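Peer 1: structure for the following, please:
(one chain, ligands or ions: 1)
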Amino acid sequence: FIDGERGILRYRGYPIEQLAEQANYMEVAYLVVHGELPTKAQYDGWTHNIMQHTMVHENMKKVFDGFHYDAHPMPMLISTLAALSNFYPASRNVRDEAVRMLQIYRLLGKVPTLAAMAYRHTKGLPYVMPDNDLSYVGNFMNMLWRMAECRYTPNPTLEKALDVLFILHADHEQNCSTNTMRIVASSESDPYCAAASAAAALYGPLHGGANEAVLKMLRQIGSKDKVAQFIKDVKERKALLMGFGHRVYKNYDPRAAIVKRAADDVLAKLSGPDPLLDIAKQLEEVALGDDYFIERSLYPNVDFYTGVLYKAMGFPTKAFTVLFALGRLPGWIAQWREMMVD
Ligand code: CMC
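Peer 2: Alright, predicted model coming up:
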């Protein structure tokens, strides 16, 4: 549920602020798919079923090897996500609820593995096996960043921050990528191909690709003292301030407020001050006091601060939209299942 005028977002009745503070991402994924938060037994079964499916077929390595070293990780994720369809041909039986649930576990289990493989491919690093003793997010970090150590131990600050970011992205009504998921799946295409199409829709800079575009914009501005001139240019050219504006929110995006606080926290604990965060805050302040943006009800959206946070966590800019896709996956899945059940 979204009230764009009042800046309210709820998943299945729960305010996003409450979920970000008190739930973890696996609970939220269960919530959006099943409609209720899980009991302890349901939670254990849910995470067990998902973590059972974290490995991918060895042939997937060959698919990745076909990409050039500087390939963008989003098209790599989109292609390999669609490729999963060939490994699970029975998934086409989309009218069978048991088949649907199995693909849901597989999607949630394997997409972080594919995302991590895309990342490692661009770095020229060997792929890392999943470690199912870690949390869902901790295992993702293991597959991204484990080097020669015997056992990877996730940094708890980063693990928590990434978990919260995934929660904030988990679902958002009938947005561009979710519509795509529904449209493609409405022809009874399998959920891997439908999710690949949804990810392709997300890739665009007006949707999930905005987080990457924001960081490019902040780097282009260069310093706080150039913000006023940049805003003037945006207005004169009728250009877009990336990370601002939303089709539904005509008020502050509640997710942006949570990400802004998380960015402050992570930077304070881990990497120290970042001039890009200062530029972003200055940009927000100037834009929110400017009639051009006030008249058009343009406020920071979820993508405005996520890039700075992802950068502080050590992610390259190209990986940002992949992280959005990982977070949004439960939403795509829940909307697909709801459509099929309807
Ligand atoms: N910067 C400057 N002006 C803007 C912006 C912006 N970011 N967004 C809209 N406007 C202006 C637009 O030029 C138009 O002006 P006028 O009335 O003079 O023609 C007016 O505001 C209304 O624009 P619109 O195109 O009707 O707005 P929309 O609600 O259809 O667009 C949007 C929503 C998200 C596509 C758009 O705001 C945008 O492109 N923002 C930048 C990209 C971005 O940050 N996208 C992430 C969205 S949130 C997360 C996600 O969905 O993935």
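
Peer 1: what's the helix or strand for Leu309?
Peer 2: In the assignment (DSSP states H and E), Leu309 maps to helix 303-313.

Peer 1: which neighbouring elements make contact with that helix?
Peer 2: helix 156-169, helix 210-221, helix 254-266, helix 275-288, helix 320-341 (3 or more Cβ pairs under 8 Å, 6 or more residues apart in numbering; DSSP states H and E). For every residue, glycine as well, the C-beta is placed using N, CA and C.

Peer 1: of all those helices, which one is nearest Ile50?
Peer 2: The closest of these to Ile50 is helix 320-341. By Cβ to Cβ, the value is 10.4 Å.

Peer 1: can you pull the residues of the chain lying near the ligand?
Peer 2: 175, 206-208, 210, 234, 238, 240-247, 296, 298, 301-303 (Cβ under 6 Å from any ligand atom).

Peer 1: buried subset of the residues you listed, written for PyMOL?
Peer 2: In PyMOL, this line selects whichever of these come out buried by 16 or more other Cβ atoms under 10 Å:
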select buried, resi 175+207+208+210+234+241+242+243+244+245+246+298+301+302+303
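
Peer 1: mind giving me the packing neighbours of the helix or strand His48 falls within?
Peer 2: Counting by DSSP H and E, the element that carries His48 is helix 40-51. Contact analysis of helix 40-51 by 3+ Cβ pairs under 8 Å, 6+ apart lists helix 25-34, helix 97-123, helix 136-145 as its packing neighbours.

Peer 1: pipe the ones you listed into CSV and attach mean pLDDT per row.
Peer 2: Below are the helices and strands packed on helix 40-51 laid out as CSV (pLDDT from 0 to 100):
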stretch, mean pLDDT
helix 25-34, 98
helix 97-123, 98
helix 136-145, 98
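
Peer 1: picking up where we left off before, next, format the helices and strands packed on helix 303-313 as TSV and append mean pLDDT and distance to Val128.
Peer 2: Listed next are the helices and strands packed on helix 303-313 as TSV, based on pLDDT from 0 to 100; distance: least, Cβ to Cβ, whole Å:
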stretch	mean pLDDT	distance to Val128
helix 156-169	96	16
helix 210-221	95	24
helix 254-266	91	23
helix 275-288	94	29
helix 320-341	97	16
